[in-house]
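**Student:** Let's see this in three dimensions:
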Amino acid sequence: MENDHSPSPPDSGSRRHRYRIRFAKTVAMRFTSHLDLQRTWERTLRRAGLSPLYSQGFTPRPRLHLGAALPLGYTSEEDLAEVWLQAERAPADTLSLLQRAAPPGLRVLDVVSVPAEEPPIQQQIVAAIYEVHLEAPADLGGLRASAQKLMAEPSLPRSRRGKDYDLRPLLLSLEADLDSSRAPFLRMRLAAREGATGRPEEVLLALDLDPHLARITRTRLILASEPPLEDAL
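**Tutor:** Sure, this is the predicted structure:
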């Protein structure tokens, strides 16, 4: 996964003030890059009157870490970020302050305190669930057959940025269903570990579908501490 700043633990005297933020990146921010989203969060913390801890060195940065990069054009229903604050606050108060300070396109859903001994959030993420809504008309039966055929393949050789790899171990599940408007869509669960991240557009290409004619939403990030992957979809 791509990260703009390598996570480093705050000093031992302030480790207890660590908070995990659950948020959504909606249509208004779908073309905001990962780096710009990091900066948006830093501005949101300032507007909320929250004082984060800062890293050491020549260019101190807030101790704020996003869980997983989201490609341009994607939206999310549930993403994760973590921040270390200088002062301890009730999570409910922090949530209220962030909700009032968040810009259009950034919806803050929840804030919880996090035990100091937990690894960085990036290292805890093991998978992600995506929903893909196709702009071109699709037949549910044909889409299901294609998904089942892909899952039955022992390997899916792909090449990305000049590097060959096997997509199949990264594709944990794939199914087709009907959305609320009775239109067929795909739901996929992909590995999202450091150095082993599946990309929805690569799955679409393997299905002979055009990623540019699809709306892709990440609906959930799955942590290693959560229920087994087979129960997560």
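
**Student:** Verify the stated contact: Leu223 with Ala128.
**Tutor:** No: applying CB atoms under 8 Å as the test, Leu223 and Ala128 come out as separate, 10.8 Å apart. No exception for glycine: its C-beta is placed from N, CA and C like everyone else's.

**Student:** quick one, which of the two is more surrounded?
**Tutor:** Set Leu223 next to Ala128 and count neighbours by other CB atoms under 10 Å: Ala128 wins out with 27 against 18.

**Student:** what are the bridge partners for the more buried one, then?
**Tutor:** In this entry, Ala128 is beta-bridged to Leu190, Leu221, by DSSP bridges.

**Student:** residue contacts, it?
**Tutor:** The neighbours of Ala128, taking CB atoms under 8 Å, 6 or more residues apart in numbering as the test, are Ala68, Arg189, Leu190, Ala192, Gly198, Arg218, Arg220, Leu221, Ile222.

**Student:** what's the answer for Met29, then?
**Tutor:** Leu37, Thr40, Thr75, Pro103, Pro104, Gly105, Leu106 are the contacts of Met29 under CB under 8 Å, 6+ apart.

**Student:** Buried among these? Need that as a selection in PyMOL.
**Tutor:** Filtering the contacts of Met29 down to the buried ones (16 or more other CB atoms under 10 Å) takes a single PyMOL command:
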select buried, resi 37+40+75+105+106
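
**Student:** Restricted to helices, list the contacts of Met29.
**Tutor:** Leu37, Thr40 (DSSP state H).

**Student:** could you dump the contacts of Met29 to JSON lines with distance to Gln56 and pLDDT?
**Tutor:** Putting the contacts of Met29 into JSON lines (distance: CB to CB, whole Å; pLDDT from 0 to 100) gives the following:
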{"residue": "Leu37", "distance to Gln56": "24", "pLDDT": "96"}
{"residue": "Thr40", "distance to Gln56": "24", "pLDDT": "97"}
{"residue": "Thr75", "distance to Gln56": "35", "pLDDT": "97"}
{"residue": "Pro103", "distance to Gln56": "29", "pLDDT": "97"}
{"residue": "Pro104", "distance to Gln56": "34", "pLDDT": "96"}
{"residue": "Gly105", "distance to Gln56": "32", "pLDDT": "96"}
{"residue": "Leu106", "distance to Gln56": "28", "pLDDT": "97"}
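
**Student:** Tell me which of the contacts of Met29 fall in strands.
**Tutor:** Thr75, Leu106 (DSSP state E).

**Student:** Closest one to Ala116 out of the contacts of Met29, please.
**Tutor:** Checking the contacts of Met29 against Ala116 by CB to CB gives Leu37 as the nearest, at 25.4 Å.

**Student:** Could I get the contacting residues of that closest one?
**Tutor:** When contacts are counted by CB under 8 Å, 6+ apart, Leu37 touches Lys25, Met29, Leu66, Leu70.

**Student:** Pro169 now?
**Tutor:** Ala191, Ala196.
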